[in-house]
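*Asks:* Have a look; sequence and predicted model below, questions after that.
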Protein chains: 2
Amino acid sequence: MAWAEEHEADVLVLPELCLTGYPLQDLAWREDFVDAAVARLEELAAASGRTATLVGTVARVPPQRSWDTRERTVSIAQAVLCDGEVRGIYHKVLLPTYDVFDEARNFASGRRPEALWRIGDAIAGISICEDMWSDDGPPEAQAAAGAEVILAPNASPFHRAKVEARLELASRVARRNGVPVVYVNCVGGQDELVFDGGSVVVDAEGELVHRARQFEPDRFCLELELEKHPLRVQATTVHVRRTRRTAPLAVAAEAPADQISDVEQVWRALVLGVRDFAGNNGFERAVIGLSGGIDSSVAAAVVAEALGPGRVLGVSLPVPETPPAAMADAERVATQLGIDHRRIDLGPMLGAIGDALAPERDPEIAARTEVLARGRAVILGEIADEDGRLWIAAGNKSELSIGGAAAFGDVAGHYAPLKDCPKTLVYALARWLNRETEMIPDAVVRRTPSLRARAGIELPPYSILDPIVEGYIERGEGVDRLSAAGFDRETVRGILQLVDDASFERKLLPPGVKVTRVAFGMDRRMPITNAWRPYRREGAELAPCPPDTEAAVAAPWDPVEVGESA
Amino acid sequence: MAWAEEHEADVLVLPELCLTGYPLQDLAWREDFVDAAVARLEELAAASGRTATLVGTVARVPPQRSWDTRERTVSIAQAVLCDGEVRGIYHKVLLPTYDVFDEARNFASGRRPEALWRIGDAIAGISICEDMWSDDGPPEAQAAAGAEVILAPNASPFHRAKVEARLELASRVARRNGVPVVYVNCVGGQDELVFDGGSVVVDAEGELVHRARQFEPDRFCLELELEKHPLRVQATTVHVRRTRRTAPLAVAAEAPADQISDVEQVWRALVLGVRDFAGNNGFERAVIGLSGGIDSSVAAAVVAEALGPGRVLGVSLPVPETPPAAMADAERVATQLGIDHRRIDLGPMLGAIGDALAPERDPEIAARTEVLARGRAVILGEIADEDGRLWIAAGNKSELSIGGAAAFGDVAGHYAPLKDCPKTLVYALARWLNRETEMIPDAVVRRTPSLRARAGIELPPYSILDPIVEGYIERGEGVDRLSAAGFDRETVRGILQLVDDASFERKLLPPGVKVTRVAFGMDRRMPITNAWRPYRREGAELAPCPPDTEAAVAAPWDPVEVGESA
C-alpha cells in the first residue's frame, strides 16, 4: 500500500483472499477466524490513503440459504479501502465447487454482479476469479452497466497449461466487453496447491500490456487508457477527486515477463510448493531417502532448491542385495546437489524383521519390497522426528496411479513433491535439470525403474502408460475412447483395472504439489468402497512388455492442451 | 420388489441412491457409471409389476449452471417404476453441501419441488433426505399442492443422537403438513459413513406408527389411512386402477423396533462400518496389534464381532521394557474374544534400528514411542500384506485430536474403527461390552493409558479433555465460550493449541467410522498450511495433572444433544 501511494497510483489491486489464505475450507465457519480477518481489514483501512486499495478477504453478509438448508453468512469479498475507511465491498458471485474448489460449501454468493465503483473519474468493475470464467457473468453485467475497466483479483492455482488459459480468458473478457482487464493472482503454496502469480494486464482489444513474473512475488505500476462508457447504474463512489499528479504517473513496470517453458513451470511449482509447505509448517530442514533412482534424485533436487542444499539430508538405505552402482549413484547425486548424505545399512534390521516373523513366514520375507519400504520408513521417520526435518516421499503419479507403492512404505512421509508428476514428466524434469551441467547423473536417468524391475509386474512403456492414465484420470476416458485413440485395448483395460484397484491405497498418501489438471487429492475424490469398478478384474495379468527405460527417455514429452478451469 | 408384490403393496419405497451407493463423489461425473445406473434401472423397470416402486438412483437432466460456471447434468433421482416402465422421476431439490456432504459439487438441483404422484386413488409427494430438513421446502410445496402422504427416501449417515433427530424431523414435517411421512433410510457402511437404517413411519399427527431395526437390513409392509386433500397441481399418474386386494393388505410389520441405547448404537455402527469396509474391499480377515490397553482391546472386540473371531489375528509386539502384565492382559483379551493371538518380540529389531542409527543418535532411541510404533507397523503391515488381512489401527479421537499418535506408526493401517470415538466413549464401550461377562478384563480398563504414561505429556482427565475437544471440534467453541462453560481457561487454551498443532499429522490418517457430529475426515476439512492458528503457542506446557484413569472410568458419560443435520 505504501509503495502504491508512493507511485501515486489511483488504485491498487491485491489478489483474492490475500488477507486470509486460500483455500480456507472450514476455517470460513470459525467465528474467531472471521473476527480476526475483520479486525485486520479495519487496521488496513485505517492505514489507507489516496490510493483506492482492493483487499481480498472474507466478509460477513446476511444469512443466505440457497442449494441446501444451511445458512451461509460469510462471502469471498474484495474490500475497497480509501482515505482511512472501507468504502465498500464486492462479494464474489460465482462460487466454484468442482476440482480443488469447495466454495459453495462454505460461502454465501454475492447478489450484485453489476456493482460498479467510481474511482476518481473512472468507473471500475470488480470480478473475482470464477466470476470471470462464465461467458455471461459479472464482467458482462459490469460492462453493460458502464464499467470502463475490469479489476480481477484471483486465487488461481497452478496446473500445466493454466497460464496460457488465463491470458486467453483475460483477452476474451476484454474483447467481449471492450474494456481493459487487470488480472491479479496470488503467489505461494498451500498444501497441495501452488499459486503461481503471473498476473496479466490486457487492453480493451485483448492485447497483452503486461505480464508479471510467475512463481515469485512481483508488483507493477501501469497507466491504462480508459474509454468512457454510458453509466447505467449507480456506482459506489470511492472518491471523486482528480489525481494529485501533475506529472505522468511514475510507471514502475519492467518489460512483460517472458513466458517460461512448461517444464520449468512444473519445476518452479514443485520448488515453491515444498518451500512454502516447509516454511508454513515450521520446518527448516528436510530428509529424503536416496536410492540412486530418478524419482528420489529429482525430488532431492527440488528440495535442495527449495530449502538450500545445506538443509537437506539424503539417506541411502541399502540392503545386501542393493547393487553397489545404485549406491554410488545416490552418493553422486548428493554430491552434485551439495546436500548432506548418509548411508545406513538396512541389512541387520531386515534380518531382525525376518527373524521376528519366523518361523511361520517365508524366510525371504525381509527382501519383499513392502517390508523394505516400511523398514526404510522407520529410519527416515526417526531422523525426521529427531531433527525436526520435513520428511519427503519420492513417489510419482504413474506409480501411485497403478498401485506400485506400499502403504506406509514408499509414500510414507510428510510431503510428496512428485505425487502428481507422471514418470515421463519426471524424466523431462531430469533432462531440464541437466540442460547445462549434469545434475542428475546419466546412469540414474538410464537405470531401470524399480517398479519395472520387480518380479511379477509387466507394464507397457511409460510413454504409453502415462497418456492412458492421463486420459482416464484427467479426461474421464474409458476403454472405448482410449482404444479408439490408438492404444491397445487389452493394455488399456489392464491399466484402468490397476488404477481402480489402487484407489484403496491412494487414500493414505501425504499431500504433494498439484501440477496436472486432475491430481489425486483435493480434486479427484472417489469413494474407496463402491461395488462399481468396471475395470476391476480378479487375477488379471497385463501382457508382458520389455523394460522401456530407453523408450521412455527417448519419448517426446507432449505438453497437455490448454486447461479450462479457474 | 417381489416381496412387495407378494404382499400386494401399492407402493414400495427404497432408500436414496440405493442403486448406486452413497456418497458417489466424482463417480457422478463418470459417463460409464451413469450409463450403468441407467441400464440397471431399465432392467428393474422391466421387472416391475402392479406395485409402484421408488428406486433411488442418478438420472441425466438438462445441463444446469447455478453457483459456478460448470454444468451439472446428473441429478439425485427417485424413479417411479410400475407396470414394466419408468413412470417418472423426482429430482432432489436441496443438495446438502456441508459436513460430510458434497452434493452441490456433483449434482444438478431438481426444479419441481411441488411434483405429485397419483398412485391408485392416493396422491403422494416424494421428498429426498435434505428436501425434508428445510422448514419450507419440497414437503411443504407438495402438501400445499395436495399431497396426502410424503414418501421420503434417505441416505442419512449415523452419528450419535441422529436417530432421535430423524424421528423428531419426520414428526414435525407430518404435523406441519397434516400428512403421514414414510421415512426410509439406507443400511450399510461406506468408507467413513455408516447408514444405520432405523426407518420410521409417522401418522398425520406425527405419532410413531412404525420403526424399523437399526444397523441391519429390514423391511415392513404397512397400511396407512390417508385423508383426501384438495389437489392444486397436475399429478403424474403412475396408475389409477383400484387395488386388486379384496381382503385387507397382508400387513407384515413387527412391533416397532425398540430404540437401542446410545452406546449400543455406537457399538453397532463400528461393527457395521468394519464389516462393510472389509467386505466391500475384498478382505475376509483382519490383523490388529494388541497392547493390553483399552483401545486395541475394544477395537479387537469390534473386529471380532464384525468378521467373526476366527478371522481375526491379534499380535502383541512387546519390547523388553513392556510390563509382563500388559502382555498377559493382551493374551486374556484374545482368549476372551476368541481371536487368534501371536506374540512377536520386537526387542532384536529395535536393537537393530538403534544400531542402524548409531553412532550419531541417542542409543536409547529405539525406546522412543514413535520408533516403537513404526517398528510395530512394519510387522503388522507385512502380516496384513502376506495374508491379505485388513490392517486395523486402534487410535481414538482424543489422542488424534491432540497429536498423541506417531505419523505412520500408531495410526498406520487400512482402517481405524475408533478414530472418531473419544476416550471416554471407548471406556463406555468397554463397560457396555462387560455388562454381562467380562469381555475386556478389568485390568485393561484400569491400566493408565500409554499417552498419559509418557514422559513430558501432562493432560487433564479425559472427562475434562473430551468435552473441551467436543466443544471446539463439534460446535466451534473457542477459549471464551469453553471457559465460560466452566473449564479452566489455561487448560482450554493448552488443549486447543494441541488440537491446532496436530492438524499436520491428522492429514495422514486412514478412514474410520464417523460416530460424532463432526469427525476428522470428510466433515472437518482444514488446510494444513495456514498462518492463522490462534491457539498455537510455541513450547507451551499444560499444567500437570495426575493420571486419571479412575476418574475417567467413574465419570458419567453424557450423550450429546440432538443433532441438526441430514
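*Replies:* That came through, no problem.
*Asks:* Can you pull the poorly scored residue ranges out of the stretch 201-350 of chain A?
*Replies:* Applying pLDDT under 70 to the stretch 201-350 of chain A flags residues A:243-248, A:250.
*Asks:* can you pull out the helices in it?
*Replies:* All helices of the stretch 201-350 of chain A, identified by DSSP state H, counting those that start in this stretch, fall at A:262-280, A:294-307, A:324-337, A:347-357.
*Asks:* Would you mind putting the ones you listed into TSV with mean neighbour count and distance to A:Arg72 alongside?
*Replies:* C-beta coordinates here come from the backbone N, C-alpha and C atoms, glycine included. Below are the helices of the stretch 201-350 of chain A laid out as TSV (neighbours: other Cβ atoms under 10 Å in any protein chain shown; distance: least, Cβ to Cβ, whole Å):
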stretch	mean neighbour count	distance to A:Arg72
helix A:262-280	22	27
helix A:294-307	27	37
helix A:324-337	19	48
helix A:347-357	21	52
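*Asks:* Out of those, which gets nearest to B:Gly476?
*Replies:* Closest to B:Gly476 of these, according to Cβ to Cβ: helix A:262-280, at 22.9 Å.
*Asks:* Report all helices and strands that the closest one contacts.
*Replies:* strand A:187-190, strand A:193-196, helix A:294-307, strand A:389-392, helix A:423-433 (3 or more Cβ pairs under 8 Å, 6 or more residues apart in numbering or on different chains; DSSP states H and E).
*Asks:* If we use 7 Å, what do you get?
*Replies:* In terms of contacts (3 or more Cβ pairs under 7 Å, 6 or more residues apart in numbering or on different chains; DSSP states H and E), helix A:262-280 is packed against strand A:187-190, strand A:193-196, helix A:294-307, helix A:423-433.
*Asks:* Determine the angle, from 0 to 180 degrees, between that helix and helix A:423-433.
*Replies:* 90 degrees (axes from the mean of the first three to the mean of the last three Cα atoms, to 10 degrees).
*Asks:* pretty sure A:Lys421 is in contact with A:Val515, am I right?
*Replies:* No, residue A:421 isn't Lys; it's Cys. Yes - the criterion here is Cβ atoms under 7 Å, and A:Cys421 meets it with A:Val515 at 6.0 Å.
*Asks:* So the two - more neighbours on which side?
*Replies:* Neighbour count, other Cβ atoms under 10 Å in any protein chain shown: between A:Cys421 and A:Val515, A:Cys421 has more, with 29 against 25.
*Asks:* tell me the contacts of that one?
*Replies:* A:266, A:396-397, A:515 (Cβ atoms under 7 Å, 6 or more residues apart in numbering or on different chains).
*Asks:* Tabulate those residues (a markdown table), appending distance to A:Leu19 and secondary structure.
*Replies:* What follows is those, written out as a markdown table (distance: Cβ to Cβ, whole Å; DSSP: H, G, I helix; E, B strand; the rest coil):
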| residue | distance to A:Leu19 | secondary structure |
| --- | --- | --- |
| A:Val266 | 29 | helix |
| A:Asn396 | 36 | coil |
| A:Lys397 | 33 | helix |
| A:Val515 | 27 | coil |
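*Asks:* re the thing from before, want to throw the helices and strands packed on helix A:262-280 into JSON lines with distance to B:Gly110?
*Replies:* JSON lines is the format used below for these (distance: least, Cβ to Cβ, whole Å):
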{"stretch": "strand A:187-190", "distance to B:Gly110": "35"}
{"stretch": "strand A:193-196", "distance to B:Gly110": "33"}
{"stretch": "helix A:294-307", "distance to B:Gly110": "47"}
{"stretch": "helix A:423-433", "distance to B:Gly110": "42"}
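*Asks:* Please name whichever of those is nearest to B:Asp355.
*Replies:* helix A:294-307 (23.9 Å).
*Asks:* does chain B sit close to that closest one?
*Replies:* No - against chain B, helix A:294-307 shows no contacts by Cβ under 7 Å from any Cβ of the partner chain, the least distance being 14.1 Å.
*Asks:* Same check on stretch A:123-135?
*Replies:* Yes - shown here: stretch A:123-135 in contact with chain B (Cβ under 7 Å from any Cβ) through A:130, A:133-134.
*Asks:* model confidence over that stretch, on average?
*Replies:* Averaged across stretch A:123-135, pLDDT comes to 96.
*Asks:* Next, the buried residues of that stretch.
*Replies:* A:123-134 (16 or more other Cβ atoms under 10 Å in any protein chain shown).
*Asks:* Okay, A:Val515 and A:Asp262: tell me how far apart.
*Replies:* 10 Å (Cβ to Cβ, to the nearest Å).
*Asks:* got the residues of stretch A:123-135 next to chain B as CSV, with secondary structure columns?
*Replies:* Shown next, in CSV, are the residues of stretch A:123-135 next to chain B (DSSP: H, G, I helix; E, B strand; the rest coil):
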residue, secondary structure
A:Glu130, helix
A:Trp133, helix
A:Ser134, coil
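*Asks:* In terms of distance to A:Gly206, which of those ranks first?
*Replies:* A:Trp133 (15.9 Å).
*Asks:* before we move on, back to that, so what's in contact with A:Val515 and A:Asp262 at the same time?
*Replies:* Residues touching both A:Val515 and A:Asp262 (Cβ under 7 Å, 6+ apart) are A:Arg160.
*Asks:* Which positions in the stretch 101-250 of chain A make contact with chain B?
*Replies:* A:104-105, A:109, A:130, A:133-134, A:190-191.
*Asks:* Which two of these have the greatest separation?
*Replies:* A:Ser134 and A:Asp191 (27.2 Å).
*Asks:* Could I get the buried residue list for stretch A:79-90?
*Replies:* Those buried within stretch A:79-90 under the rule 16+ other Cβ under 10 Å are A:79-82, A:86-90.
*Asks:* Which residue comes closest to A:Ile123 once chain neighbours are left out?
*Replies:* Among residues not flanking A:Ile123 along the chain, A:Glu148 sits closest, at 5.0 Å (Cβ to Cβ, 6 or more residues apart in numbering or on different chains).
*Asks:* Contact partners for the nearest residue to A:Arg65 once chain neighbours are set aside?
*Replies:* The shortest distance from A:Arg65 to any non-neighbouring residue, by Cβ to Cβ, 6+ apart, is to A:Glu71 (5.5 Å). Counting by Cβ under 7 Å, 6+ apart, A:Glu71 touches A:63-65.
*Asks:* Brilliant, that's me finished.
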